[in-house]
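**Student:** Below is the sequence, then the predicted model.
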Amino acid sequence: MVYRQAVISYGLSAENKFTVYLHFMYSREEKREMRLSFWEGFKGFSSRKRRRKRLPSKWAGDNTGIKQVNLKFHFDETEALVCIDIVADDLDKRIALFDKLESLKKILEDAAGEALIWDLQYTIESGKEISRIYLKKENVSIYRQSCWPEVMVFFFNKMIRIEPLILEYRDYIKA
């Protein structure tokens, strides 16, 4: 049996109810295995759903056909993101691509069913600065398996609407 160190915290919830939180501490290896398990599960989940819709089983991801524009998923201890990343090192090029995408704002947001977050200067975990346009789901954790189904559905339902538009408008965005 594996015993984990736990941290207990408490406070008032949004409804002013006293709440006790139990936070488990995972080892680096356990965290790696949990992340891997989530992403393998999501790959199978989305692949099956995409095949049912007669779509390729894989997402476009880095293969959007637009140099330096990638479609990404991000999931960590606090949030899940569906992202359009502009990774150009040249700031002028990044701004030009951002402006092109911003001209499609209404189309993208209508498709997503909600307002996107538009961040011209977003710093990713590696410390690199990119531009990111994204949707966010808060109060979820990759280390809480009970969140996984909700995040998988969020990822699939949002990207399935954004990806076709990026691919449809790729010639316009590249120009």
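**Tutor:** Everything's here; your move.

**Student:** Enumerate every residue touching Phe155.
**Tutor:** Taking C-beta atoms under 8 Å, 6 or more residues apart in numbering as the criterion, Phe155 is in contact with 42, 46, 73, 75, 80, 82. C-beta here means a position set from N, CA and C on the backbone, and glycine is covered the same way.

**Student:** Now do the strands in the chain.
**Tutor:** Under the criterion DSSP state E, the chain contains strands at 6-12, 18-24, 69-75, 79-86, 117-123, 129-138.

**Student:** Output the contacts of Phe155 in a markdown table; the columns should cover neighbour count, distance to Val153 and pLDDT.
**Tutor:** Formatted as a markdown table, the entries for the contacts of Phe155 read as follows, by neighbours: other C-beta atoms under 10 Å; distance: C-beta to C-beta, whole Å; pLDDT from 0 to 100:
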| residue | neighbour count | distance to Val153 | pLDDT |
| --- | --- | --- | --- |
| Phe42 | 17 | 10 | 97 |
| Ser46 | 20 | 10 | 95 |
| Phe73 | 20 | 13 | 97 |
| Phe75 | 23 | 13 | 97 |
| Ala80 | 24 | 10 | 98 |
| Val82 | 25 | 12 | 98 |
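
**Student:** Show me where this structure dips below the pLDDT cut-off.
**Tutor:** Confidence mapping of the chain against pLDDT under 70 gives the ranges 1-24.

**Student:** The same query, at a cut-off of 80, please.
**Tutor:** When residues are selected by pLDDT under 80, those of the chain lie in 1-26, 175.

**Student:** Output the contacting helices and strands for the longest helix belonging to it.
**Tutor:** Selection of the longest helix in the chain by residue count, based on DSSP state H, yields helix 28-52. Using 3 or more C-beta pairs under 8 Å, 6 or more residues apart in numbering; DSSP states H and E as the contact definition, the elements that helix 28-52 packs against are helix 148-168.

**Student:** hang on, Gly61 packs against Asn70?
**Tutor:** Yes - applying C-beta atoms under 8 Å, one finds Gly61 in contact with Asn70, separated by 6.4 Å.

**Student:** got the contact list for Tyr134?
**Tutor:** With contacts defined as C-beta under 8 Å, 6+ apart, Tyr134 is in contact with 74, 81-84, 116-117, 119.

**Student:** Among these, which one sits closest to Arg52?
**Tutor:** Taking C-beta to C-beta as the measure, Val82 is the one of the contacts of Tyr134 closest to Arg52, at 20.0 Å.

**Student:** Return the residues in contact with that closest one.
**Tutor:** Listed by C-beta under 8 Å, 6+ apart, the contact partners of Val82 are 72-73, 134-135, 154-155, 158-159, 162.

**Student:** Quick check: the farthest pair among those residues?
**Tutor:** Lys72 and Phe154 (13.9 Å).

**Student:** By neighbours, which of the contacts of Tyr134 wins?
**Tutor:** Top of the contacts of Tyr134 by neighbour number is Ile84, holding 27 neighbours under the definition other C-beta atoms under 10 Å.
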